[in-house]
Structures are given as C-alpha cells and as structure tokens.
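A.B. asks: got a sequence here, can you build the structure:
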Amino acid sequence: MQLYLPIAEISANIFLILGIGGIVGFLSGMFGVGGGFLITPLLFFVGVPPAVAVATGANQVVASSVSGVLAQMKRKAVDFRMGTVLLVGGFGGSIIGIWVFEWMKRLGQVDLFVQLSYVLFLGVIGAMMFQESLRALLRNRDGKAPIRRAHSHNWVHGLPFKMKFRASGLYISVIPPVLIGALVGFLAAIMGVGGGFLLVPAMIYLLGMPTKVVIGTSLFQIIFVSAFTTLMHSVNSHSVDLMLALLLIFSGVIGAQFGAQIGLKLKAEQLRILLSLLVLAVSLRIAADLLLQPDQLYSVTPGAMP
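C.D. replies: This is a model prediction of the structure:
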C-alpha cells in the first residue's frame, strides 16, 4: 500500500516504512542505542531526501530516549546537574549545526554533506568499536580477565570553573562537559543522531563518571537536544515529515520490545562486535552509493532556439 509523504515528496510503501521503524527499534532494544545513526541512512536508501531524513529521524530518538530516561530515573541513575551542563553545550552546538546545515542547503550541497558526514563518522567509530570488541572477545576466549584500570586524575581535573556533581561523585571543570555536549549537539543537527554512542564513552573515559549514571544522564541530554534540533529544522527548513515520523515511532516502540528480549540472551562482547559490524556496514553502503556509477546518467545541455 503506497503512502504519499508530503514533506519528503515521495510515495513509499507503508509496510516498508513500518518495517524500517521496527528493524531500527529492534536493533535499538537489542544494542541499547537510540538508533538515530541507523534510521537516517535507511531512510536514504528508500529515497527520502537526506535533509528530511535527518530532521524526521530525530523524532524517534526523542521517543526512545524519553522511555529510557524514565526507567533510569526510577533507579536514581541520572545526574541532572551534569545533564544540564551537557545540555547548555548541546544547545550551542545544535545552533551552529543548524546554521551549517542551512548554509549547505543554500549551496545545494546538503545531501552530499550529510552523506559524507555519515561515511566519515560511522566509519571511524565503527572501526574503533570493532577493534575494542574483538580484543575483548579474544581475551574472554583465552580465559583472560578483562583489563580494569582504576580511575586516575587527568588534565581535565586541572581546568578552572569547577563544579561539584554529587550524583556522579565528581568535582571537575564545566568546560569539558560543555564542549562534549556541543559536539553531540552539532552532530545531532547535521546527522539526525542522538549521539549516545559518542557521549557515553566520553563521559566514562574523559570525565570519569561512574557507569551507573552515564546512560541515564546521556539520555536526559539527548531528549532535549534532539527535540530542539527537530524544532529548529521544522521552523527553518520545514523538513520534518510528521506522517513519516509517526509511522517510525509506532513501529519502533514495538520492535524495541522484541530486541530487548534478544539482547538479554547475548554476551556484552557479542553485542558490541555485532553493533560495530552494523555501523561499518551502514557506512560502506552509503560510501558505495556515493562512489558507484548510477544505472542511468542524466545530463543537461542547452537546446537550440527555434
């Protein structure tokens, strides 16, 4: 059954759209990620313009993050003060990202810019994740205990403008959280991602936050940054397709329930290596679309005047 998407200006099979939302929801529930870095490229593949895919895909990130942060709040695993500092940077980064996005759109290069951003960013992140996951898998197979290093003070702790974050047990400068939040906000505006798979490692390894509060704090920041990004895209470029967003959210919520059940049956190392392979596969597919010659070539030449 075909459904016309007025903002995307294409007709798409409604079951295909529901299937994409369900698959991304399933993978989100299985791997514990927001799914923004998956749903936007999949929308590219079915013909949705990148500008619309970025703005619309962020809606599902908001929906999944709200559900996740409510669960984390029940466990008292959210550092709201840290989340607010990250949010300040996130709003600033989003504003810069929206400006860059609109600038590229005026130049007529926004589609290429978004796709290249995905190839570069997902390629680097996927390769790093695969390397780390493979090492952990091999260590476990050899019967070696995982390497654990006690948290030590680094250059972050020597910066000025320090603030106490009681829920995280930290007393550090607000500068690194603001900068991290700004980077995530910028990526959210450009790529339609929540940025959790970048934010979580940065909070653990750079800021030294305890793992128990990292996920909830990350989701808290992602909710507002993604919502702000969607609103700005809607106001500035009218690129949010509401019908497409509702279908993706509906099927994504259902798919996440099944994915969560499957994820419980797999080991952490297996989940991470599967996720890294998935990220690399998406990056390679977008790169192939950019580099391979299309089946039909079109050229525009001036015609002779009668």
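
A.B. asks: from here on, contacts and neighbour counts on C-alpha atoms
C.D. replies: Noted.

A.B. asks: so residue 11, which of the three states?
C.D. replies: Here residue 11 is recorded as strand under DSSP: H, G, I helix; E, B strand; the rest coil.

A.B. asks: state the mean pLDDT of the host helix or strand of residue 133.
C.D. replies: Secondary structure assignment for residue 133, by DSSP states H and E: helix 110-141. The average pLDDT within helix 110-141 is 77.

A.B. asks: and for stretch 174-189?
C.D. replies: Rounded mean pLDDT across stretch 174-189 is 86.

A.B. asks: so where's the chain uncertain?
C.D. replies: 28-36, 64, 67-68, 142-158, 193-197, 237, 260, 263-272, 293-306 (pLDDT under 70).

A.B. asks: any chance you could map the helices in the stretch 1-150 of the chain?
C.D. replies: Here the stretch 1-150 of the chain has its helices, by DSSP state H, counting those that start in this stretch, at 14-31, 36-45, 50-74, 80-107, 110-141.

A.B. asks: okay if I get these as CSV plus distance to residue 168 and mean neighbour count?
C.D. replies: Output for the helices of the stretch 1-150 of the chain, formatted as CSV (distance: least, Cα to Cα, whole Å; neighbours: other Cα atoms under 10 Å):
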stretch, distance to residue 168, mean neighbour count
helix 14-31, 24, 23
helix 36-45, 27, 23
helix 50-74, 14, 23
helix 80-107, 8, 20
helix 110-141, 25, 17
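
A.B. asks: which stretch among those helices comes nearest residue 3?
C.D. replies: helix 14-31 (5.8 Å; Cα to Cα).

A.B. asks: between the closest one and helix 36-45, how many degrees?
C.D. replies: Relative orientation of helix 14-31 and helix 36-45, computed by axes from the mean of the first three to the mean of the last three Cα atoms, to 10 degrees: 160 degrees.

A.B. asks: what's the angle from helix 14-31 to helix 50-74?
C.D. replies: 40 degrees.

A.B. asks: using PDB, write out every CA atom in helix 14-31.
C.D. replies: This file holds the C-alpha atoms of helix 14-31, laid out as PDB (Å, rounded to 0.1, in the frame of the first residue of the first chain):
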ATOM      1  CA  ILE A  14       3.600   1.900   4.200                       C
ATOM      2  CA  PHE A  15       4.800  -1.600   5.200                       C
ATOM      3  CA  LEU A  16       8.300  -0.700   4.200                       C
ATOM      4  CA  ILE A  17       8.300   2.300   6.400                       C
ATOM      5  CA  LEU A  18       6.800   0.300   9.300                       C
ATOM      6  CA  GLY A  19       9.400  -2.300   8.700                       C
ATOM      7  CA  ILE A  20      12.300   0.200   8.900                       C
ATOM      8  CA  GLY A  21      11.000   1.600  12.100                       C
ATOM      9  CA  GLY A  22      10.500  -1.900  13.500                       C
ATOM     10  CA  ILE A  23      14.000  -3.100  12.500                       C
ATOM     11  CA  VAL A  24      15.600   0.000  14.000                       C
ATOM     12  CA  GLY A  25      13.500  -0.300  17.100                       C
ATOM     13  CA  PHE A  26      14.600  -4.000  17.400                       C
ATOM     14  CA  LEU A  27      18.200  -3.100  17.000                       C
ATOM     15  CA  SER A  28      17.900  -0.200  19.500                       C
ATOM     16  CA  GLY A  29      16.400  -2.500  22.100                       C
ATOM     17  CA  MET A  30      19.000  -5.200  21.400                       C
ATOM     18  CA  PHE A  31      22.100  -3.000  21.500                       C
END
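
A.B. asks: distance from that helix to the middle of the chain?
C.D. replies: Counting by Cα atoms, centre = their mean, to the nearest Å, helix 14-31 is centred 15 Å from the centre of its parent chain.

A.B. asks: next SSE after the helix holding residue 133?
C.D. replies: That would be, after helix 110-141 and using DSSP H and E, strand 162-165.

A.B. asks: in the sheet, which strands lie alongside that next one, parallel or antiparallel?
C.D. replies: According to DSSP bridges, strand 162-165 forms sheet pairs with strand 170-173 (antiparallel).

A.B. asks: residues of the partner strand that come out buried?
C.D. replies: 170, 172-173 (16 or more other Cα atoms under 10 Å).

A.B. asks: ok, back up a step: need the helices of the stretch 1-150 of the chain in TSV with distance to residue 247, can you?
C.D. replies: Converted to TSV, the helices of the stretch 1-150 of the chain look like this (distance: least, Cα to Cα, whole Å):
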stretch	distance to residue 247
helix 14-31	6
helix 36-45	12
helix 50-74	10
helix 80-107	25
helix 110-141	23
